[in-house]
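[1] below is the structure, and that's it, no one-letter string:
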């Protein structure tokens, strides 16, 4: 096996290994099983580089495509923090025009991104609220809101900060398998002030992570709905601060239904590996 280049970075400590593969010749010839194995090896925090997932950079026709996979090698539709790091790479490498919004392809369609200094904003698209469900951690359970951000989320509000801090998220929270046959990202949320919440998240395929971009979007949507501030109903834009263990994200929901996620995206290392 030959060596190949990689970069390591994070968005609010949701960390990723990025693989430049512009023409698809480095990793494109691998079978799905081989690629899944490579992702698991790269994301291994003891024997590999370590990460919550892998972002493969591929050129498709007239746009860049983010081939995203979870740490366990499974394919995912979208990653809000990952695509912001992906955008940072494109700008840093001179592959897109700086200071100009641009499109990136994902399995959830095209996403518009804007890199402005330290912050990167992504239009996550429209959120779909699909009704109530339930999640459980240990002997506790809570009602949750099923929010689709292009990938599935279950958002539950817990009683207080001590409850949030004490949850054991080393295992996946219990959820309704009929509602989520392919698994679900579960966000546990506490209110911290006006238009301000804190969250922890267990991501399907990755476990508990320090942040989740689409999860922050889902949390903001669920909170705005609970507050009677759904912009598609009120006609007024809603903006919330969402604290994650790895930092802070700003989420905006427009009257047109689009959810915008803003936060930092930074690279910390680059090199070559033969993993």
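    Okay, I see it. Note that the coordinates shown come from a computational prediction; the quantities given were computed from them, not determined experimentally.
[2] so residue 223 belongs to a strand, correct?
    No: according to DSSP: H, G, I helix; E, B strand; the rest coil, residue 223 belongs to no strand; its state is helix.
[3] can you tell me the closest non-neighbouring residue to it?
    Counting by C-beta to C-beta, 6 or more residues apart in numbering, residue 223 lies nearest to residue 197, which is 5.5 Å off, once chain neighbours are set aside. Where you see a C-beta, it was placed from the backbone N, CA and C, and this is true even at glycine.
[4] please name the bridge partners of the one you found.
    Beta-bridge pairing of residue 197, defined through DSSP bridges, involves residue 191, residue 242.
[5] show the end-to-end separation of stretch 135-142, please.
    In terms of C-alpha to C-alpha, to the nearest Å, the two terminal residues of stretch 135-142 are separated by 6 Å.
[6] list the buried residues of that stretch.
    If you call a residue buried by 16 or more other C-beta atoms under 10 Å, then stretch 135-142 has these buried ones: 135, 137, 140, 142.
[7] could you work out the most separated pair of the residues you listed?
    Spatial extent of the buried residues of stretch 135-142 (C-beta to C-beta) is set by the pair 135 and 140 at 9.5 Å.
[8] redo the buried residues of stretch 135-142 as JSON lines? Include distance to residue 173 and pLDDT.
    Compiled in JSON lines, the buried residues of stretch 135-142 are given as follows (distance: C-beta to C-beta, whole Å; pLDDT from 0 to 100):
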{"residue": "135", "distance to residue 173": "5", "pLDDT": "98"}
{"residue": "137", "distance to residue 173": "5", "pLDDT": "97"}
{"residue": "140", "distance to residue 173": "10", "pLDDT": "95"}
{"residue": "142", "distance to residue 173": "10", "pLDDT": "98"}
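[9] residue 190 is in contact with the residue nearest to residue 223, correct?
    Yes: contact criterion C-beta atoms under 8 Å: residue 197 and residue 190 qualify, at 6.7 Å.
[10] so between these two, which is more surrounded?
    Applying other C-beta atoms under 10 Å to residue 197 and residue 190 shows that residue 197 carries more neighbours, namely 22 against 18.
[11] how close does the residue nearest to residue 223 sit to residue 162?
    Distance, residue 197 to residue 162, using C-beta to C-beta, to the nearest Å: 16 Å.
[12] repeat for residue 35
    Relative to residue 162, and taking C-beta to C-beta, residue 35 is found at 42 Å.
[13] what about the two, which has more around it?
    For the pair residue 35 and residue 162, the greater number of neighbours falls to residue 35 (19 against 9), based on other C-beta under 10 Å.
[14] is it fair to say that one lies in a strand?
    No: with three-state DSSP as the criterion, residue 35 is assigned helix and is not in a strand.
[15] ok, for it, nearest residue in space, not its chain neighbours?
    Using C-beta to C-beta, 6+ apart, the closest residue to residue 35 is residue 27 (6.5 Å).
[16] for the closest residue to residue 157 other than its chain neighbours, what are its contacts?
    Closest residue in space to residue 157, ignoring its immediate chain neighbours: residue 189 at 5.1 Å, by C-beta to C-beta, 6+ apart. Shown in contact with residue 189 (C-beta atoms under 8 Å, 6 or more residues apart in numbering): 155, 156, 157, 158, 164, 197, 198, 199, 219, 222, 223.
[17] now the two most distant members of these.
    164 and 222 (15.1 Å).
[18] that'll do, ta.
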